[in-house]
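Peer 1: Need coordinates for the below:
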Amino acid sequence: MLFSPTRSPLIFPPRSVQPELLRNLIAADMQAVDAMIRRRLESDVVLIRQIAEYIIAGGGKRLRPALVFLAAGATGYRGEQHVELAAVVEFIHTATLLHDDVVDESELRRGRKTANAEFGNAASVLVGDFLYSRAFQIMVGVGSMRVMEVLADATNAIAEGEVLQLLNAHNCDIGEIAYLEVIRRKTAKLFEAAAQLGAILGGANPDLEAGMARYGLHLGTAFQLIDDVLDYSGDAAHTGKNLGDDLKEGKPTLPLIHVIQRGSPAQAALVRSAIEHGGGEEFGAVLDAIHETGALDFVRAKAKDEARIATESIAALPNSSYRDSLLELATFAVERDY
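Peer 2: The predicted structure follows:
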């Protein structure tokens with residue numbers, strides 16, 4: 001037993017979030033995965049190298065690799081394969097971003113031009129395909145059928161989520177349950193896989209592995225719900241995207257769904273029209289309706305519920321700095337402003 005079986009009670013949220021403690025705990029692992037990402041993005045195809053370097057320079061939170069490291073540490077893993085799997089998870093995530101930006105015709109991500117805006121749609125799609133295939137090459141090298149099963153299922157679910165989101169673009173009749181199903185597949189599924197992979201490496205028993213997977217799923221859902229909030233309240237300098245981008249693309253996110261369901265007939269009609277037609281020019285009026293109906297507070301409360309479920313899902317973890325950091329990460333997901 002690497003950690004004491006004595007457990008402190010789960011408290012959500014902690015009194016304060018200290019992300020620097022989390023970063024210090026896995027700093028060496030994060031450096032290792034960054035080095036591996038650069039190494040495994042090498043290609044004798046010049047355009048792949050150019051776009052790969054552009055992506056790396058764009059930064060990112062690296063939350064999914066961090067989740068692999070924390071889950072592995074929390075369940076007692078002390079090998080090296082967690083670095084490889086963290087790179088796999090980040091490659092899959094980056095590939096989905098490349099494809100999403102093409103589908104959404106996005107021009108800005110993390111405060112800079114998207115790869116498709118810089119290099120064109122065709123190049124972005126094809127490099128996204130390269131990232132997927134490279135991820136599977138690394139995955140096979142780990143030599144675990146269970147790992148391959150989890151990642152193959154996750155990748156398939158993500159693709160289904162992307163198609164569902166495409167089908168729901170400009171759909172003002174989607175309800176809360178259907179919307180949550182889209183984000184659980186499209187966004188939360190990779191969080192779930194990241195946490196589950198760490199538990200598999202740590203040799204967790206089936207119940208603990210399932211708990212870690214639930215933690216990741218609900219953490220990812222909370223994370224996406226706060227992204228939805230920030231699209232109507234964030235600072236572009238912090239979020240790296242323009243306010244109202246979701247509305248411009250006709251995405252019926254939860255704040256808009258709340259206005260349609262809880263707002264006045266006039267407010268609901270306004271939001272319906274904006275979703276159907278991609279109402280960038282109506283952003284100000286839609287934003288007023290969002291604030292008047294308390295939509296952002298409603299979504300934040302939903303995100304906190306998801307984060308609470310996430311923390312409850314890892315109650316069986318023994319005390320450790322890794323467990324503490326998983327709890328901190330759940331708090332960060334809902335308190336962040338970027």
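Peer 1: Stretch 28-41 - what's its average pLDDT?
Peer 2: On average, the pLDDT along stretch 28-41 is 92.
Peer 1: neighbouring contacts of it?
Peer 2: With contact meaning Cβ atoms under 8 Å, 6 or more residues apart in numbering, stretch 28-41 is reached by 23, 48-49, 52-53, 56, 62, 65-66, 69, 82-84, 86-87, 90-91, 134, 138. (Each C-beta comes from the backbone N, C-alpha and C, glycine too.)
Peer 1: lowest-confidence helix or strand of the protein?
Peer 2: Every helix and strand in the chain was compared by mean pLDDT, DSSP states H and E; the lowest is helix 236-239, with a mean of 54.
Peer 1: Now do the helices in the stretch 101-250 of the chain.
Peer 2: Listed in chain order, the helices of the stretch 101-250 of the chain (DSSP state H, counting those that start in this stretch) span 115-119, 121-142, 145-168, 176-183, 189-201, 206-230, 236-239, 245-248.
Peer 1: which residues does residue 210 contact?
Peer 2: By Cβ under 8 Å, 6+ apart, residue 210 has no neighbours at all.
Peer 1: and it, how far is that from residue 199?
Peer 2: 9 Å (Cβ to Cβ, to the nearest Å).
Peer 1: Residue 303 too?
Peer 2: Separation of residue 303 from residue 199 (Cβ to Cβ): 24 Å.
Peer 1: what about these two, which has more around it?
Peer 2: residue 199 (29 against 24; other Cβ atoms under 10 Å).
Peer 1: for the residue lying closest to the more buried one once chain neighbours are set aside, what are its contacts?
Peer 2: Excluding the flanking residues, the one nearest residue 199 by Cβ to Cβ, 6 or more residues apart in numbering is residue 212, at 4.0 Å. Neighbour list for residue 212: 71, 74-75, 195-196, 198-199, 204, 313-314 [criterion: Cβ under 8 Å, 6+ apart].
Peer 1: residue contacts, the residue lying closest to residue 155 once chain neighbours are set aside?
Peer 2: Of all residues not flanking residue 155 in the chain, residue 92 sits nearest, at 6.1 Å (Cβ to Cβ, 6+ apart). Neighbour list for residue 92: 131-132, 135, 151, 154-155, 158, 190 [criterion: Cβ under 8 Å, 6+ apart].
Peer 1: one more time with 7 Å
Peer 2: Taking Cβ atoms under 7 Å, 6 or more residues apart in numbering as the criterion, residue 92 is in contact with 132, 135, 155, 190.
Peer 1: Work out the gap between the host helix or strand of it and the centre of the chain.
Peer 2: If you go by DSSP states H and E, residue 92 is part of helix 81-104. Centroid separation for helix 81-104 versus its chain: 10 Å, with Cα atoms, centre = their mean, to the nearest Å.
Peer 1: what residue ranges in the stretch 151-300 of the chain are flagged as low confidence?
Peer 2: Applying pLDDT under 70 to the stretch 151-300 of the chain flags residues 234-241, 279.
Peer 1: quick one on the thing from earlier: Serialize the contacts of residue 92 to JSON lines and add fields for neighbour count and distance to residue 259.
Peer 2: Shown next, in JSON lines, are the contacts of residue 92 (neighbours: other Cβ atoms under 10 Å; distance: Cβ to Cβ, whole Å):
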{"residue": "132", "neighbour count": "19", "distance to residue 259": "37"}
{"residue": "135", "neighbour count": "23", "distance to residue 259": "38"}
{"residue": "155", "neighbour count": "21", "distance to residue 259": "34"}
{"residue": "190", "neighbour count": "27", "distance to residue 259": "29"}
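Peer 1: Present those as TSV; the columns should include distance to residue 115.
Peer 2: What follows is these, written out as TSV (distance: Cβ to Cβ, whole Å):
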residue	distance to residue 115
132	15
135	17
155	20
190	19
